[in-house]
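K.L.:
Here's my sequence, what's the structure:
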Amino acid sequence: MKFRSILSIALFTSVALLGYAVWAFGSSLFSSEPAMYAGCALVFLGLGGPALLPDSGDTGGRKIRFCLSFSLAFLVYALLWSMSWFSLPATFGEIIGSSSGLAGFALVYRGMMKHRVPIFTATATLFLWHSIGYYAGDFLYTAIQGRGPGAMSLDWEPTKIRHAARLSWGLCYGVGLGLGVNRFLHLSRQS
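P.N.:
Numbers count the residues shown, from 1 in each chain. A predicted model of the protein is given here:
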């Protein structure tokens, strides 16, 4: 993997940590769960595209187009994922939301950037890496709180445990989705 790919994934993971920090540290500032999710999504909408620029291969004015394309594609993903989650708040809702949201992401991004990766390939690539990151994060989130098969016994204050658990989910999610978008970009360049 090239340095610019690693840099983009690391920057995107930092964005994910900031997005999840909204949940970890600021959830009490929001009037509802949907408002808090919107706060998290705004971080990705504003910073996700710029974080991925080193590996985008775009120059000049195409950088702006890349960032706008990412933001619109992520907005579609976030809306479809959230609608599914709030309708079916369980693993089934997560899977339906992820698959439909990532298909929407791929369709929008593909169309705006004129890439010709088959939609099934693009969605499957995004879904695989997103799911690995998302569920690894869920596993750590549960384990850090002393629950589940990987339960840890941490001698920390409950607030620190909650913050660490939520940020660990953001870390894994960022790496997973960052890798997925990275692979999607590389497939796009090959098409």
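K.L.:
count of neighbours near residue 36?
P.N.:
Using other C-beta atoms under 10 Å, residue 36 has 17 other residues around it. Glycine gets a C-beta too; all of them are placed from N, C-alpha and C.
K.L.:
cool, the one 5 residues further on as well?
P.N.:
Taking other C-beta under 10 Å as the criterion, the count of residues near residue 41 is 20.
K.L.:
so what's residue 87 up against?
P.N.:
Taking C-beta atoms under 8 Å, 6 or more residues apart in numbering, we find residue 87 in contact with residue 93.
K.L.:
And the pLDDT at it?
P.N.:
We have a pLDDT of 93 for residue 87.
K.L.:
looking at the chain, which residue lies furthest from center?
P.N.:
Distance from the centre of the chain peaks at residue 155, with 30.0 Å (C-alpha atoms, centre = their mean).
K.L.:
Let me know the secondary structure of that residue.
P.N.:
Three-state call for residue 155 (DSSP: H, G, I helix; E, B strand; the rest coil): coil.
K.L.:
Going forward, count from 11.
P.N.:
That works, and once the first residue is 11, the last one we named lands at residue 165.
K.L.:
Phi, psi for it please.
P.N.:
Dihedral angles of residue 165 (phi, psi; degrees, to the nearest 10) stand at phi -90, psi 60.
K.L.:
what's the spacing between it and residue 171?
P.N.:
Separation of residue 165 from residue 171 (C-beta to C-beta, to the nearest Å): 10 Å.
K.L.:
ditto for residue 143
P.N.:
Distance from residue 143 to residue 171, by C-beta to C-beta: 21 Å.
K.L.:
what do you get for residue 22?
P.N.:
26 Å.
K.L.:
Comparing those two, which residue is more hemmed in?
P.N.:
When residue 22 and residue 171 are compared for neighbours, residue 22 comes out ahead with 28 against 16, by other C-beta under 10 Å.
K.L.:
Keeping just the C-alphas, turn stretch 154-171 into CSV.
P.N.:
Taking C-alpha atoms only, stretch 154-171 is exported to CSV below (Å, rounded to 0.1, in the frame of the first residue of the first chain):
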residue,chain,number,x,y,z
ILE,A,154,-14.3,-2.1,27.1
GLN,A,155,-17.5,-1.8,29.1
GLY,A,156,-16.9,-5.2,30.6
ARG,A,157,-19.6,-7.0,28.6
GLY,A,158,-19.6,-9.7,25.9
PRO,A,159,-17.1,-12.4,25.0
GLY,A,160,-14.0,-10.1,25.1
ALA,A,161,-15.1,-8.4,28.4
MET,A,162,-12.3,-6.3,29.9
SER,A,163,-12.1,-5.4,33.6
LEU,A,164,-10.8,-1.9,33.6
ASP,A,165,-10.2,0.0,36.8
TRP,A,166,-11.3,3.3,35.4
GLU,A,167,-14.1,5.8,36.2
PRO,A,168,-17.4,5.0,34.4
THR,A,169,-17.1,8.2,32.4
LYS,A,170,-13.6,7.3,31.1
ILE,A,171,-14.8,3.8,30.2
